[in-house]
Structure formats: C-alpha cells, structure tokens
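Trainee: Structure for the following, please:
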Amino acid sequence: MCLLNGCLCLQTADLMHRSGADVLAPGVHVVATDSALGVMRQVLSAYCRAAQRPERHTLLLCSSATAADELESLGHRWRGGRRGTLFCVANLQVMRASLLNGCLRLLNGCLHQLNGCLCLLIG
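Mentor: Residues are numbered from 1 along each chain as shown. Here you go, the predicted structure:
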C-alpha cells in the first residue's frame, strides 16, 4: 500500500484479502491488477465488502469506446452521492489516454465534494 498524488494505492489482492477499515475509507483509491479477470474480482470484492450492489449509476466498466460524457455523468453522481456510497471506474487499462487524463482532472476537481463517498479506480 502506498500514496500516489494523494490517492491510496492498493496492490492486486488487497481488496480481497486485507482486513481493516482503511480499505473502504471515504476518498479516492487506486487498485492495480494484472488482468481483466483481476479487475472483475476487485470490483465484485469491493462491492461485497461495502455491502452494496454494483449498479449502473455507481459503476462504469470502461472499454475502448467509453465516451467522455459517461465519465462526466459518473462524476456528477459522485458529487451528489450519499455518504458511504461506493463508486467505481473499472478497466482503466483500456481507456484512451485522453479520456484517462480527463478522468484524473475530473477527480481532482471534485475531491473536496465527495461527501464521504468512496471512489475506486481499478485497472
């Protein structure tokens, strides 16, 4: 576990095997995986640990065709989310570089408005 630009960075197995409240603490967390299957395992583990279901308005599974407006829409929901809500952007490794940069700018712009929400970036 380490800090990268103010984000808590977790290794691949951390969400599935770590104990402790810091894993699902409010804020932005980055989880690195080594495969597409690992991404799905991390997503499902995170929602399971948060006792929430992955729903369309809280989860964005990215592809090479993901559009900027999808990411921006998720950003608006982060800002208005209830305390303790888990939001997730998964499959970062397949996003276009310009869209990934936009994601980081969006996060940077709304860090102070997350209202106790947890945001996971998994890829």
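Trainee: Correct me if wrong, but residue 57 is in a strand.
Mentor: No. Assigned with DSSP: H, G, I helix; E, B strand; the rest coil, residue 57 falls outside any strand and is coil.
Trainee: what's around it, how many residues?
Mentor: 11 (other C-beta atoms under 10 Å). Just so you know, the C-beta spots here come from the backbone N, C-alpha and C atoms, and that holds for glycine as well.
Trainee: which non-adjacent residue is nearest it?
Mentor: Nearest residue to residue 57, sequence neighbours excluded (C-beta to C-beta, 6 or more residues apart in numbering): residue 77, at 5.7 Å.
Trainee: Okay, now the unreliable bits of the protein?
Mentor: 1-24, 111, 114 (pLDDT under 70).
Trainee: Strands along this protein, start to end?
Mentor: Counting by DSSP state E, the chain has strands at residues 2-4, 7-10, 27-31, 59-61, 86-90, 118-122.
Trainee: Now those in a markdown table, please, with extra columns for distance to residue 108.
Mentor: Compiled in a markdown table, the strands of the chain are given as follows (distance: least, C-beta to C-beta, whole Å):
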| stretch | distance to residue 108 |
| --- | --- |
| strand 2-4 | 13 |
| strand 7-10 | 10 |
| strand 27-31 | 9 |
| strand 59-61 | 17 |
| strand 86-90 | 14 |
| strand 118-122 | 12 |
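Trainee: Lovely, talk soon.
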